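Trainee: got a predicted structure here, sequence first:
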Amino acid sequence: MSFDKLESKIGLTFANRNLLTEAFTHGSVRGKTQSRDSETYRRLEFLGDAVLRLAVSESVFRDSDGNVETLHGTREKLVSNGSLAGAAKDLGLSKYLRGSGSGDVTKSGLVHAQLYESLTGAIFVDRGYETASKFVEETLIREQPDPAPGSSTNKRVH
């Protein structure tokens, strides 16, 4: 599978293309009895979740004068499975998914959210935090409606 179109769309070229293969490999491709997390997107998803939360936390903190509850609420809206699935759908990530399960897997909002997290993790491993944070800013944060009253951010509405 070629990831050229995806790399073009996100404006990044991976040094280690194997990370992209791992980032889009669902556990069903190996079969339930043979599945190893190191061969699927699960490890990158775990790492991507942490990178994503930090990037969103930084942005919300930097761009808002809200109180702690507002900051927390804003971050949680941005990193919700619904927001992540929306970003994944906007990027067309499901067409890169490798799996042998039913077609329902590619339609699952949770799987879409996990793909976004795994791609974020792959970007972090390949290019570092700055690039991963910029990816999150451009593909998730800027694409959300302004969720916090009093926030000074200029986020685009879908």
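Mentor: Looks like it arrived, so ask away. Numbers count the residues shown, from 1 in each chain.
Trainee: okay, CA-based contacts and neighbour counts for the rest of this
Mentor: OK.
Trainee: which residues touch the residue most central in space within the chain?
Mentor: Among the residues of the chain, Tyr116 comes closest to the average C-alpha position under Cα atoms, centre = their mean, at 2.5 Å. Neighbour list for Tyr116: Glu45, Leu84, Ala85, Ala87, Ala88, Leu93 [criterion: Cα atoms under 8 Å, 6 or more residues apart in numbering].
Trainee: okay, and which of these map to strands?
Mentor: Of the contacts of Tyr116, none are assigned to strands by DSSP state E.
Trainee: ok, so of those residues, who is nearest Leu20?
Mentor: Closest approach to Leu20 among the contacts of Tyr116 (Cα to Cα): Leu93, at 11.1 Å.
Trainee: what's the pLDDT at that closest one?
Mentor: At Leu93, the model reports a pLDDT of 95.
Trainee: Lys77: neighbouring residues, count only.
Mentor: Neighbour count for Lys77, taken as other Cα atoms under 10 Å: 15.
Trainee: meant to ask about Phe135, not that
Mentor: The burial count for Phe135: 21, using other Cα under 10 Å.
Trainee: quick revisit: can you tell me how far the residue nearest to the centre of the chain is from Glu69?
Mentor: 26 Å (Cα to Cα, to the nearest Å).
Trainee: tell me the helix or strand right after the longest helix along the chain.
Mentor: Counting by DSSP state H, the longest helix found in the chain is helix 42-63. Going down the chain from helix 42-63, the next helix or strand is helix 68-78, by DSSP states H and E.
Trainee: packing partners of that following helix?
Mentor: When contacts are defined as 3 or more Cα pairs under 8 Å, 6 or more residues apart in numbering; DSSP states H and E, helix 68-78 packs onto helix 42-63.
Trainee: starting at the chain centroid, how far to the helix it packs on?
Mentor: Between the centre of helix 42-63 and the centre of its chain there are 9 Å (Cα atoms, centre = their mean, to the nearest Å).
Trainee: got the buried residues for it?
Mentor: By neighbour count with 16 or more other Cα atoms under 10 Å, helix 42-63 contains the buried residues 42-45, 47-49, 51-53, 55-57, 59-61.
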